[in-house]
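Undergrad: Turn this into a model:
(one chain, ligands or ions: 1)
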Amino acid sequence: MTPILATQNVRLSYGEKEALHGIDLNFDEHSITALIGPSGCGKSTYLRCLNRMNDLIADTTVTGSFQFHEQDIYAPTTNLVELRKQIGMVFQQPNPFPFSLYENVTYGLKLAGHNDKRFLDEQVERALRQAAIWEEVKDDLHKNAFLFSGGQQQRICIARLLAVQPDIILLDEPTSALDPISSAQIEETLLTLKNDYTIIIVTHNLQQASRVADRTAFMLNGDLVEVDSTSQLFTQPAHQQTSDYLNGKFG
Ligand SMILES: Nc1ncnc2c1ncn2[C@@H]1O[C@H](COP(=O)(O)OP(=O)(O)OP(=O)(O)O)[C@@H](O)[C@H]1O
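TA: Have a look, this model is predicted:
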């Protein structure tokens, strides 16, 4: 299978300091890949490279190859708004806009010029259903998004991404600020979403990686140590460092 996203020899420096030392990772369509590793190993940095969020951080240098379908993500002609629509990101802290739920979910569609109320209503329902939150919020579409629980806000943020039909969803520790029930709901949502989307998730929670991910990549000190099917990596890792990390010897 041709990967939807292929990265080779990814290096990133913050000023003089190289934080990623040449990462090769490919992602198959409609799969979930977890990035794991101790704090500071470069998981979030790598994730942010994939939709050029690191462009927003001053004095960063990125090199390597990033092929998304046939597109070079770092080509000078890349339209960043379009790229981040196709490769959307969900952050650790839910970050809804300070408007109603409906305005949040329709935000990207309106920016793209869609104003037909019936179309917008349909897309809101589709996105909220896909984010597994429709039944909970369908009577509160015009309530301010801040007034929902943290777990609901996170699923509203996922719905906001889904409204513009991305290909890839990047999630940076999406449940670490949430209670166990909300976290479980997000995990269930991700498992449903992988039928239609490609998902890459950074997580500190090894059980979460083992529950949701088809493949898991273990990173250490800016290097990719290994990537394999989640079951293989968790039961028979190829490297001692991976085994030590999984067994809690460091991290
Ligand atoms: N904006 C920044 N400026 C300078 N250095 C940074 C910046 N962001 C991250 N770093 C450094 O890059 C390295 C990788 O950080 P990164 O946040 O990607 O790791 P991580 O594995 O995601 O960590 P965590 O699990 O704690 O979120 C670390 O040494 C970190 O201090």
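Undergrad: Need phi/psi at residue 97.
TA: Dihedral pair for residue 97: phi -80, psi 160, per degrees, to the nearest 10.
Undergrad: in terms of contact, does it touch residue 105 like I think?
TA: No: the pair formed by residue 97 and residue 105 falls short of the contact definition of Cβ atoms under 8 Å, at 10.1 Å. The way it works is simple: take the backbone N, C-alpha and C, and place the C-beta from them, glycine included.
Undergrad: which of the two has more neighbours?
TA: Per other Cβ atoms under 10 Å, whichever of residue 97 and residue 105 has more neighbours is residue 105, with 29 against 14.
Undergrad: isn't the more buried one right next to residue 163, touching?
TA: Yes: assessed by Cβ under 8 Å, residue 105 is found in contact with residue 163 at 5.0 Å.
Undergrad: Give the residues shared as contacts by the two.
TA: The overlap between the contact sets of residue 105 and residue 163 (Cβ atoms under 8 Å, 6 or more residues apart in numbering) consists of 123, 124, 127.
Undergrad: most surrounded residue in the residues you listed?
TA: residue 127 (25 neighbours).
Undergrad: buried sites along the helix or strand hosting that one?
TA: Secondary-structure assignment from DSSP states H and E places residue 127 in helix 117-130. Using 16 or more other Cβ atoms under 10 Å as the test for burial, helix 117-130 gives 120, 123, 124, 126, 127, 128, 130.
Undergrad: mind checking the SS state of the residue nearest in space to the middle of the chain?
TA: Of all residues in the chain, the one closest to the mean position by Cα atoms, centre = their mean is residue 170, 1.4 Å from it. Counting by DSSP: H, G, I helix; E, B strand; the rest coil, the backbone at residue 170 sits in strand.
Undergrad: Excluding sequence neighbours, find me the nearest residue to it.
TA: The spatial neighbour of residue 170 that comes closest, neighbours along the chain excluded (Cβ to Cβ, 6 or more residues apart in numbering), is residue 89 at 4.4 Å.
Undergrad: Helix, strand, or coil at that neighbour?
TA: Classification of residue 89 using three-state DSSP returns strand.
Undergrad: number of nearby residues for it?
TA: Neighbours of residue 89 under the rule other Cβ under 10 Å: 20.
Undergrad: repeat for residue 145
TA: 24.
Undergrad: wait, isn't it in contact with residue 106?
TA: No: the criterion here is Cβ under 8 Å, and residue 145 misses it with residue 106 at 11.9 Å.
Undergrad: burial of residue 81, as a residue count?
TA: Per other Cβ under 10 Å, the neighbour tally for residue 81 reads 10.
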